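Colleague: Build me a model:
(2 chains)
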Protein chains: 2
Amino acid sequence: MKSLYVIKIGGNVIDNSENLYNFLKDFTALDGHKILIHGGGKIATQMSEQLGIEAKLIDGRRITDIETLRVVTMVYAGLINKNIVAQLQRFGTNAIGLTGADGNFIKATKRPVKTIDYGYVGDLDSQSVNAENISKLLEAGFTPAFCALTHDGDGQMLNTNADTIASAIAIALANYYDTTLIYCFEKKGVLKDINDEESLIREINPVRYDELKKEQIIHSGMLPKLDNAFAAISCGVKAVVIGKSDELGKLGNNQPFGTRLSN
Amino acid sequence: MKSLYVIKIGGNVIDNSENLYNFLKDFTALDGHKILIHGGGKIATQMSEQLGIEAKLIDGRRITDIETLRVVTMVYAGLINKNIVAQLQRFGTNAIGLTGADGNFIKATKRPVKTIDYGYVGDLDSQSVNAENISKLLEAGFTPAFCALTHDGDGQMLNTNADTIASAIAIALANYYDTTLIYCFEKKGVLKDINDEESLIREINPVRYDELKKEQIIHSGMLPKLDNAFAAISCGVKAVVIGKSDELGKLGNNQPFGTRLSN
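Modeller: Numbers count the residues shown, from 1 in each chain, chains lettered A, B, ... in the order given. Below is the predicted model of the structure:
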């Protein structure tokens, strides 16, 4: 099987034009098929403020009402996504900027209202990602760049967590490619001591993960991320790598990068 | 050769959700390969006003400064384009929403500053459209939906007239497909009497066009559109049809639709 990198970046890359520039250059330097997934960053919040739309939070969770959905559709799919695509083109990556509505690549279900109505938020299941259609793009020589939006197949755009999209794409494409899922974030990887970047753990397998959990070595905030990573691995993803965006270049140079999770 | 429709819609369709719904349904019903190109509509102007960005005009021509470019990138590529894509998906058209930056499909040149600095406006030439890459999408089963944005290949998005994009795409794809270019606008087609929709001229060839011009029958405002249409035909486009968006369904039913220009 050919190799595929599915790489997710968040606000810490998007909000800083120098970080973004360097990241996209390193992304371009990686060999093989690639898919980029980007989150939103601060621009959507700033745009909402400028337009006088109040952020709606219930129990600390953000609600996507129809006005907020309009803003994120503009900012994620328009401003951020097309800026990223234009930059990637400059570096020679033949990117195509996408939402889940495009090509019917990611069909979500509007989150059911239980105690909280999250609004226009889309949840994914194992059938959500159309891996065949995405692989057609890859095989035609394009590099998909997804923002964190999906659709319900019935004309409605939906807001979906970028980490979730990255994981769902990696799992779905694992049938077609030797797939590595990479989460770029602000730390060098999984740390033994959250305040010490030098305490990086290079490799974790399920046995070691159980030990680390028992010994309470990993910061509790990382546990959901790691649980999701191992879930992806158990669904066929070859490895999940968690690392710092500005070190992605190491991966291209076959140097150790971040924390590698695998079986 | 397979057939291809390149269809351009403007503000009169986009600004009215019922018109847009009907148009996209009729668009879906058309057989064969299709490419949609859409203009901006009033939403960009409204968004600029909401954000306190003043429309800049010099000698009546709109200037795309950097703030305006941000707004049109949000509105054209985000809000309008993804709304159109989500609607098309509902009807069963496997649309992919695009700018010229995506797939490097349309590379423009920033308009040189002579007496007026138009700002971030992109002009096209005969090499601008990457027909091969667009045909790959079509052959993979996707229906491209372009908004009126291009890029310069060096990381900069540019604002480009939607009529110009439609014509450039049709000409470039004419080497690959039996291409018909359709301009949807608010009238039934080319009229002998601009106030009488029943005075529609069904067919115009170059000889008839010369006669109509000599007799000053066609409204002067239509002449640039028709000159461009015949220019496209002389570059290989099979026919250009100018008609009313809400009558596109006739084309699908093999009924006469609009004014057909051809050799």
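Colleague: C-alpha from now on. contacts and neighbour counts both.
Modeller: Fine.
Colleague: so who does the residue nearest to A:Tyr21 when sequence neighbours are not counted touch?
Modeller: Distances taken as C-alpha to C-alpha, 6 or more residues apart in numbering or on different chains place A:Gln87 nearest to A:Tyr21, at 7.6 Å, with adjacent residues excluded. If you count contacts by C-alpha atoms under 8 Å, 6 or more residues apart in numbering or on different chains, A:Gln87 has them with A:Tyr21, A:Leu24, B:Asp154, B:Gly155, B:Gln156.
Colleague: Dump these to TSV, plus secondary structure and neighbour count.
Modeller: Below are the contacts of A:Gln87 laid out as TSV (DSSP: H, G, I helix; E, B strand; the rest coil; neighbours: other C-alpha atoms under 10 Å in any protein chain shown):
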residue	secondary structure	neighbour count
A:Tyr21	helix	18
A:Leu24	helix	25
B:Asp154	coil	15
B:Gly155	coil	18
B:Gln156	coil	20
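Colleague: just the residues you listed now: which is nearest A:Gln255?
Modeller: A:Leu24 (18.2 Å; C-alpha to C-alpha).
Colleague: Distance check, that closest one against chain B.
Modeller: According to C-alpha to the nearest C-alpha, to the nearest Å, A:Leu24 and chain B sit 12 Å apart.
Colleague: is it true that that residue touches A:Leu88?
Modeller: Yes - with contacts counted by C-alpha atoms under 8 Å, A:Leu24 reaches A:Leu88, the gap being 6.2 Å.
Colleague: Point out the residues in chain A that sit beside chain B.
Modeller: Within reach of chain B by C-alpha under 8 Å from any C-alpha of the partner chain, chain A has these residues: A:50-51, A:70, A:73-79, A:82-83, A:85-90, A:94-99, A:101-104, A:136-137, A:140, A:142, A:151, A:153-157.
Colleague: ok, now with 6 Å
Modeller: A:73-75, A:77-79, A:86-87, A:90, A:94-96, A:101-103, A:153-155 (C-alpha under 6 Å from any C-alpha of the partner chain).
Colleague: If any of those are buried, put those into a ChimeraX selection.
Modeller: A single ChimeraX command selects the buried members of the residues of chain A next to chain B (16 or more other C-alpha atoms under 10 Å in any protein chain shown):
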select /A:73,74,75,77,78,79,86,87,90,94,95,96,101,102,103,153,155
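Colleague: and the residues of chain A next to chain B, which of them are in strands?
Modeller: A:Ala95, A:Ile96 (DSSP state E).
Colleague: mind giving me JSON lines with the contacts of A:Gln87 and columns for pLDDT and distance to A:Lys114?
Modeller: Output for those, formatted as JSON lines (pLDDT from 0 to 100; distance: C-alpha to C-alpha, whole Å):
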{"residue": "A:Tyr21", "pLDDT": "96", "distance to A:Lys114": "42"}
{"residue": "A:Leu24", "pLDDT": "97", "distance to A:Lys114": "40"}
{"residue": "B:Asp154", "pLDDT": "98", "distance to A:Lys114": "48"}
{"residue": "B:Gly155", "pLDDT": "97", "distance to A:Lys114": "44"}
{"residue": "B:Gln156", "pLDDT": "98", "distance to A:Lys114": "45"}
